[in-house]
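**Student:** Structure of the sequence below:
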Amino acid sequence: RLPGVKGLRGPLSCLNEARYGIAWGVVGAAMACYDEALNYAKQRIQFDKPIAAFQLTQHKLVEMVSEITKAQTLVHQLGRMKDAGQAKHFHVSLAKRNNVAMALDVARSARTILAANGISDEYQTIRHMLNLESVLTYEGTHEIHTLILGQEITGESAFK
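**Tutor:** Residues are numbered from 1 along each chain as shown. Here you go, the predicted model:
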């Protein structure tokens, strides 16, 4: 029992704080994967030029940095709302759901830029990718956060 706390309010507030931290933390993992892929693409030479000079590699890098920037903006705004006492549990669910999916996508793209090296422990991307796979499931899966958000949007609970 937590002093001064009735029902599930205490444990759920702890869960919400953990989800908030995850929403921020996965942005760091995504940034590390992006940085590693960018540096690798600048140094890896194929057909007498760095793979960073190829359109498809540039497309992947642009997509990664765009998604990371959007995720940073989301958690920054969530932080402002939290400081102002305006952040609700569904705001945190939105950030956790969005940012974990984004970070996984970035890690997977980074791994493809690294090619066969992307599965080597000489590079950190695979470690981040595997960690993100576990983060996807704890503190609420993508599907659970979808249901939380669906209930908030529609006013209807899809589960009891």
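**Student:** From now on I want contacts and neighbour counts done on CA atoms only, so please keep to that.
**Tutor:** Noted.
**Student:** and stretch 107-119, which residues are buried?
**Tutor:** Buried positions in stretch 107-119, judged by neighbour count with 16 or more other CA atoms under 10 Å: 107-114, 118-119.
**Student:** Would you mind measuring from the residue nearest to Gln124 when sequence neighbours are not counted to Asp83?
**Tutor:** Spatial nearest neighbour of Gln124, chain neighbours left out: Cys33 (7.3 Å); criterion: CA to CA, 6 or more residues apart in numbering. Distance of Cys33 to Asp83, computed by CA to CA, to the nearest Å: 29 Å.
**Student:** sec struct for Tyr138, please.
**Tutor:** Here Tyr138 is recorded as coil under DSSP: H, G, I helix; E, B strand; the rest coil.
**Student:** give the contact list for it.
**Tutor:** If you count contacts by CA atoms under 8 Å, 6 or more residues apart in numbering, Tyr138 has none.
**Student:** What pLDDT does the model give it?
**Tutor:** The model reports Tyr138 with a pLDDT of 88.
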